[in-house]
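> sequence first, predicted coordinates after that:
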Amino acid sequence: VCGAMLLAGEREGRTIVFLDSLEGTRQRIWRTKVIAGSIFTACQALVLAGMAVAQGAAEDRPLVPGGWIALTVASGLGGYAWGLLGSALGRSVLGAVGLTTLLLALSIPPVILFAPLDPKNPHHVDAVATIVMVVITALALAFSYLIFCRSELRRVSPRSRLRPSGIGPVLWLTIRQARL
């Protein structure tokens, strides 16, 4: 839901034009939202993994690098990335959540197919599943970027991408309009 709200919420609330005028580029908006959301999602996944360890739910799989905690964080970030893709495709938050649910369900079979069940070596399964999830997450993020920033990426002239951004243009406009 977090990833699905980020881009579709701006579109649905009609604030994307305002953000475009402040930030300068869709690429910058997308990058800022991805970084902030990734940090929050990773922290939440770490808290959930810590709670599972504290309650003894992770006792059947010893914690090793690339193991259970990494899989939990990768799962959270994978869901977030698919949420961003659903958000880039959806026109409303509710539609983006529905689309994200479908996309996330479609991303699970590759993880199952590429992570063979090996009861003798469960750490190998965790490592392979984590790697597959990271690759799938990267693909979802790439498609989210391409879809959300497509209007800027279609522009031919490199000069058209150089628009003033930040507080400078706002201050300049305020000073210019204040002159009598």
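Nice, thanks for sending it over.
> which SSE is L46 in?
If you go by DSSP states H and E, L46 is part of helix 26-54.
> middle-most residue in the protein, spatially?
Central residue of the chain (Cα atoms, centre = their mean): A81, 3.5 Å from the mean position.
> what's the neighbour count on the closest residue to that residue other than its chain neighbours?
Leaving aside its sequence neighbours, A81 sits nearest to A140 (Cβ to Cβ, 6 or more residues apart in numbering; 3.9 Å). (C-beta placed from N, C-alpha, C; glycine too.) A140: 26 surrounding residues under other Cβ atoms under 10 Å.
> same question for I16.
Here the number of neighbours of I16 (other Cβ under 10 Å) works out to 17.
> which ones are touching it?
Going by Cβ atoms under 8 Å, 6 or more residues apart in numbering, I16 touches E10.
> I'd like to know how far it sits from L22.
When distance is defined by Cβ to Cβ, to the nearest Å, I16 is 11 Å away from L22.
> got it, and I112?
43 Å.
> ok, those two, which is more surrounded?
Each of I112 and L22 has its neighbours counted (other Cβ under 10 Å); L22 has more, 14 against 11.
> could you pull up the mean pLDDT of the helix holding L46?
Helix 26-54 shows a mean pLDDT of 87.
> the chain should start at 711 in everything you say after this.
Shifting the count to begin at 711 puts that one at helix 736-764.
> centre of the chain to it, how far?
Here the centre of helix 736-764 is set off from its chain's centre by 9 Å, with Cα atoms, centre = their mean, to the nearest Å.
> and the residue nearest to A791, what does it touch?
By Cβ under 8 Å, 6+ apart, the neighbours of A850 are 788, 791-792, 794-795, 813, 817.
> and it, how far is that from L813?
Look at A850 and L813: by Cβ to Cβ, they are 7 Å apart.
> and L729, by the same measure?
Distance check for L729 against L813: by Cβ to Cβ, it reads 24 Å.
> more neighbours: which of the two?
L813 (19 against 15).
> if you skip the residues just before and after it, what's nearest to that one?
Spatial nearest neighbour of L813, excluding adjacent residues (Cβ to Cβ, 6+ apart): W792 at 4.7 Å.
> what average pLDDT does stretch 818-827 get?
For stretch 818-827, the per-residue pLDDT averages 73.
> flag the shaky bits of the protein, pLDDT-wise.
Scanning the chain for pLDDT under 70 picks out 733, 767-777, 825-837, 840, 865-876, 878-880, 882-883, 886-887, 889-890.
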